[in-house]
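Q: sequence and predicted structure below; questions after.
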Amino acid sequence: MHRKMRKKAAVAILLPAFLLASCGKTGGQGTGGRTVSSASPAEGNQRTLTIGFAQVGEESDWRMANSRSIEETFTSAHGYHLLFEDAQGSAENQITSIRDFIQQGVDYIVLEPVVETGWDTVLEEAKEANIPVIVADRKIEVKDDSLYTAWVGSDCLLEGQKICQWLKLFADARGIPQTDLRIVNLQGTIGSTPQIEREKGLKEACEIYHWNLLAQERGEFTQAKGREAMAELLASHPDLNVVYCDNDNSAFGALETLQKEGRKIGTDLANGKVLVLSFDGTNKGLRCILNGTIGCIAECNPLHGPRIESIIRDLEEGKQPEKIQYVDEELFAADNTVPEVSVNGTSYPVKAVTGQLISDRGF
Ligand code: GYE
């Protein structure tokens, strides 16, 4: 009851701040630290919204861009007090942070979960405390969907399906029999949505096109683990010719190892090159497409700050946001050998990477 009253008051007084924000006020700078931004709304005396944000960690370029997007969105100048907690890759730490947020009586909890399961109890506690929970990036699997208000993030299954469709059509275009594809998978954090869904896309395609999935090894979404996992895979499967990396950073590690081991890297499978595929499309990832070391990248967009803010704005205005919100994403390759891919009846163009395209992007 008490919370409802507070929320109503906020609707009336926060609106002008949001309108101002959409009239060209800049996003402001990050908090400069990893914990708290100072609590002073820029305009008038409207109530500051306290946001408890439970972040996964700092494992990848994607994650760093995602954290920046959050910090640049939830600034004190825009009427927010951001409590930013970095879980260093541990779901346990995230549970502790959520309990702290509840204790502190934050207005909203934003969770980017490490893995999909294990959230029921702590989110019931948030619900009892009447604190809305917004889930972003990775998904959660809970018995009761009312434990979170909305989710925004990527369709990682679609990303996997798109990149597999590209590989299929690329092999066709180059006259490589599908059965000649010998694939290894560098897996992201086991039990996380991108790992689960990108693997599903790959395994579906292996069934349909009779690809050989030689092995899977944990790359943990990091460059260091990607490097190590690639060394093991090369030792046990020297005949591999495609590396399906669950993100750009594990691909960077894989590339280092392939180079060190003297393997030829590129799209020319017929001449013994190893074809590397990846997800994210960070600046550095796209530059690898330009220099010929990554063949294709399915974009995974990390700029969730404004998307989460728009959900919070809806809630503050008494509107019901869409429960599940997918982000539109692109597919990148060096050229138009494959002009488009088609998944479940929808066509997606393949974008040829240029220097201009890279410098125009926000991450
Ligand atoms: O692909 C990877 C990051 O959860 C979608 O996590 C995100 C993934 C992203 O570390 O680079």
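A: Okay, I see it. Numbering: from 1, shown residues only.

Q: interface residues of the stretch 51-200 of the chain facing the ligand?
A: Residues of the stretch 51-200 of the chain lying close to the ligand by C-beta under 6 Å from any ligand atom are 59-60, 62-63, 137-138, 154, 194. Any C-beta I mention is one placed from the backbone N, CA and C, and that applies to glycine too.

Q: without its sequence neighbours, what residue ends up closest to His304?
A: Computed as C-beta to C-beta, 6 or more residues apart in numbering, the closest residue to His304 that is not its neighbour in sequence is Ala136, at 4.9 Å.

Q: run a quick neighbour tally on that neighbour.
A: By other C-beta atoms under 10 Å, the residues close to Ala136 number 25.

Q: residues in contact with the one helix or strand Glu159 maps to?
A: Assessed by DSSP states H and E, Glu159 sits inside helix 156-173. Identification of contacts with helix 156-173 by C-beta atoms under 8 Å, 6 or more residues apart in numbering yields 177-178, 180-181, 193-194, 196-202, 204-205, 209, 242, 244, 267, 269, 275, 277, 279, 295-300, 329, 331, 333, 337-338, 341-344, 348, 350.

Q: CA atoms only for that helix, dumped as PDB, please.
A: Only the C-alpha atoms of helix 156-173 are listed here, as PDB (Å, rounded to 0.1, in the frame of the first residue of the first chain):
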ATOM      1  CA  CYS A 156      19.900 -16.200 -28.900                       C
ATOM      2  CA  LEU A 157      18.200 -19.100 -30.500                       C
ATOM      3  CA  LEU A 158      17.400 -17.000 -33.600                       C
ATOM      4  CA  GLU A 159      21.100 -15.800 -33.600                       C
ATOM      5  CA  GLY A 160      22.200 -19.400 -33.600                       C
ATOM      6  CA  GLN A 161      19.800 -20.300 -36.400                       C
ATOM      7  CA  LYS A 162      20.800 -17.400 -38.500                       C
ATOM      8  CA  ILE A 163      24.600 -18.100 -38.300                       C
ATOM      9  CA  CYS A 164      24.000 -21.800 -39.000                       C
ATOM     10  CA  GLN A 165      21.900 -20.900 -42.000                       C
ATOM     11  CA  TRP A 166      24.800 -18.700 -43.200                       C
ATOM     12  CA  LEU A 167      27.300 -21.600 -42.800                       C
ATOM     13  CA  LYS A 168      25.000 -23.900 -44.800                       C
ATOM     14  CA  LEU A 169      24.500 -21.500 -47.700                       C
ATOM     15  CA  PHE A 170      28.200 -20.400 -47.600                       C
ATOM     16  CA  ALA A 171      29.300 -24.100 -47.900                       C
ATOM     17  CA  ASP A 172      26.800 -24.500 -50.800                       C
ATOM     18  CA  ALA A 173      28.100 -21.400 -52.500                       C
END
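
Q: direction included, what does the helix or strand following it pair up with?
A: Following helix 156-173 in sequence order, the next helix or strand is strand 182-187 (DSSP H and E). If you go by DSSP bridges, strand 182-187 pairs up with strand 212-218 (parallel), strand 242-245 (parallel).

Q: ok now stretch 216-231, how far from the chain's centre?
A: In terms of C-alpha atoms, centre = their mean, to the nearest Å, the centre of stretch 216-231 is found 18 Å from the chain centre.

Q: for that stretch, buried residues please.
A: 216-223, 225-231 (16 or more other C-beta atoms under 10 Å).

Q: could you give the average pLDDT over it?
A: Averaging pLDDT along stretch 216-231 gives 98.

Q: do stretch 53-72 as well
A: The model assigns stretch 53-72 a mean pLDDT of 98.

Q: that's a helix at Asp100, yeah?
A: Yes - Asp100 sits within a helix when classified using DSSP: H, G, I helix; E, B strand; the rest coil.

Q: for it, what are its contacts?
A: Per C-beta under 8 Å, 6+ apart, neighbours of Asp100: 52, 85.

Q: likewise the one 5 residues further on?
A: Shown here is Gly105, whose contacts under the criterion C-beta under 8 Å, 6+ apart are 50, 129, 131.

Q: picking that back up, export the residues of the stretch 51-200 of the chain next to the ligand to TSV and tack on neighbour count and secondary structure?
A: Output for these, formatted as TSV (neighbours: other C-beta atoms under 10 Å; DSSP: H, G, I helix; E, B strand; the rest coil):
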residue	neighbour count	secondary structure
Glu59	22	coil
Ser60	23	coil
Trp62	23	helix
Arg63	23	helix
Asp137	26	coil
Arg138	25	coil
Ser154	25	coil
Pro194	26	helix
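
Q: check those and tell me the two furthest apart.
A: Using C-beta to C-beta, those span at most 16.0 Å, a distance reached by Glu59 and Ser154.

Q: domains in the protein, by residue range?
A: 6-153+302-326, 156-300+330-360 (automatic domain parsing).

Q: and the ones you listed, which one averages the lowest pLDDT?
A: Looking at the domains of the chain, the bottom one is domain 6-153+302-326 with a mean of 84.

Q: picking that back up, tabulate the residues of the stretch 51-200 of the chain next to the ligand (JSON lines), appending distance to Ile70.
A: Output for those, formatted as JSON lines (distance: C-beta to C-beta, whole Å):
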{"residue": "Glu59", "distance to Ile70": "16"}
{"residue": "Ser60", "distance to Ile70": "15"}
{"residue": "Trp62", "distance to Ile70": "13"}
{"residue": "Arg63", "distance to Ile70": "11"}
{"residue": "Asp137", "distance to Ile70": "10"}
{"residue": "Arg138", "distance to Ile70": "15"}
{"residue": "Ser154", "distance to Ile70": "16"}
{"residue": "Pro194", "distance to Ile70": "18"}
